[in-house]
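Novice: What would the 3D arrangement of this be:
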Amino acid sequence: MTDQESMSGLVSVWWEAVDSFTRLLERVGDDEWQTPTDLPGWDVHAVAAHTAHLEGLLAGRAHDDIEVGEVGHARGAMGRFTEQGVVARHGRVPGDLIAEIREAATARHTRLLADPPIDPDAPAPGLFGAIGWSTLTLLRNRPLDVWMHEQDVRRALERPGNLDSAAAVHTTDQLLESLPMVVAKRAAAPAGTVVRVAVDGHAPVTAVVGTDGRGRRGDAADGEPTLTLGTDRETFVLLAGGRRAPAPGAVRVDGDADLAARVLGAMAVTP
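Specialist: A predicted model of the protein is given here:
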């Protein structure tokens, strides 16, 4: 598969994720928009506002540079930047948020189809390029972000679903890529440690800690795992997304129990 074909595939996954998310938002009742989500300080309305903000930026719309005051859950410059987009849309009716997401995404999708990206290393447009993202990084991140927020809304409203979509598979695979860093750096596993994570529906991923203390992607040649963790896709995403603790028994542990606790406690890799 060429770089262009790979990036075009990511565009399709993002477009499907946007469609699924907006269809879900259309079914949110008037009395459900203020339901808290797993994201500190954000209800369903805020999650939709955040998505509208980012999709608007990608479509070329201006950022809402407003004062947000002291907000405990908005950490660092990026957190405050993100919160500006949410606060700016605080008083908007839900229908306007849904329309903004759809209109902005449609405008960007049309451009991407007319002029497909060809260089994965080219700087991403606007703010995303300014913070060092490449075109490929942006294209990989957008379906993940949209699908994760759809799941935030689904959990808040107790409407599970869309766990087997292309965006769900993409998101899980992308989060699994962080395993070597989690094991070596965050869980501080010693050299020679081999950790395997088996998520239902995905090929198992193995992380190995080298003699230099760095983690790398491993394979069968690295021998039997020190620790094997097994779980379903939703539970893994909850852990890697830093959303909430898994249900008792949702993670199967085979091996070093202390290491398992450290790895599971360090697995969150999204802001």
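
Novice: mind listing the strands in the stretch 101-250 of the chain by residue range?
Specialist: For the stretch 101-250 of the chain, the strands identified by DSSP state E, counting those that start in this stretch occupy 194-199, 205-209, 215-217, 227-231, in order along the chain.

Novice: Please tabulate those in a markdown table and include distance to residue 31 and mean neighbour count as additional columns.
Specialist: Where you see a C-beta, it was placed from the backbone N, CA and C, and this is true even at glycine. What follows is the strands of the stretch 101-250 of the chain, written out as a markdown table (distance: least, CB to CB, whole Å; neighbours: other CB atoms under 10 Å):
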| stretch | distance to residue 31 | mean neighbour count |
| --- | --- | --- |
| strand 194-199 | 35 | 22 |
| strand 205-209 | 42 | 24 |
| strand 215-217 | 46 | 17 |
| strand 227-231 | 34 | 21 |
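
Novice: Next one, pLDDT for residue 74 please.
Specialist: For residue 74, the model assigns a pLDDT of 62.

Novice: cool, residue 271 as well?
Specialist: Here, the pLDDT recorded for residue 271 equals 66.

Novice: Just the C-alpha atoms of the helix or strand of the chain with the lowest mean pLDDT, please, in PDB.
Specialist: Averaged element by element with mean pLDDT, DSSP states H and E, the chain has its least confident helix or strand at helix 76-88 (a mean of 83). The C-alpha trace of helix 76-88 is given here as PDB (Å, rounded to 0.1, in the frame of the first residue of the first chain):
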ATOM      1  CA  GLY A  76      -1.300  23.700  30.100                       C
ATOM      2  CA  ALA A  77      -1.500  25.800  27.000                       C
ATOM      3  CA  MET A  78      -3.100  23.100  24.900                       C
ATOM      4  CA  GLY A  79      -5.700  22.400  27.600                       C
ATOM      5  CA  ARG A  80      -6.700  26.000  27.800                       C
ATOM      6  CA  PHE A  81      -6.700  26.300  24.000                       C
ATOM      7  CA  THR A  82      -9.100  23.400  23.800                       C
ATOM      8  CA  GLU A  83     -11.300  24.800  26.600                       C
ATOM      9  CA  GLN A  84     -11.700  28.000  24.700                       C
ATOM     10  CA  GLY A  85     -13.500  26.200  21.900                       C
ATOM     11  CA  VAL A  86     -15.800  24.600  24.400                       C
ATOM     12  CA  VAL A  87     -16.600  27.800  26.400                       C
ATOM     13  CA  ALA A  88     -17.200  29.700  23.200                       C
END
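
Novice: just to revisit the earlier point, can you put the strands of the stretch 101-250 of the chain in TSV and add distance to residue 180?
Specialist: Formatted as TSV, these follow (distance: least, CB to CB, whole Å):
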stretch	distance to residue 180
strand 194-199	9
strand 205-209	4
strand 215-217	3
strand 227-231	14
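
Novice: Which of the ones you listed sits closest to residue 133?
Specialist: Residue 133 sits nearest to strand 215-217 of all these, at 22.2 Å, using CB to CB.

Novice: Partner strands of the closest one, with direction?
Specialist: The pairing partners recorded for strand 215-217 under DSSP bridges are strand 205-209 (antiparallel).

Novice: got the angle for the partner strand vs strand 194-199?
Specialist: 160 degrees (axes from the mean of the first three to the mean of the last three CA atoms, to 10 degrees).

Novice: outside of strand 205-209, which residues touch it?
Specialist: Strand 205-209 is contacted by residues 176-177, 179-180, 182-184, 189-197, 199, 215-219, 222, 225 when judged by CB atoms under 8 Å, 6 or more residues apart in numbering.

Novice: neighbours around residue 200, how many?
Specialist: Other residues within reach of residue 200 by the criterion other CB atoms under 10 Å amount to 12.

Novice: number of nearby residues for the residue nearest to it when sequence neighbours are not counted?
Specialist: In space, and not counting its chain neighbours, residue 200 is closest to residue 232: 4.8 Å by CB to CB, 6 or more residues apart in numbering. The criterion is other CB under 10 Å. On that basis, residue 232 has 16 neighbouring residues.
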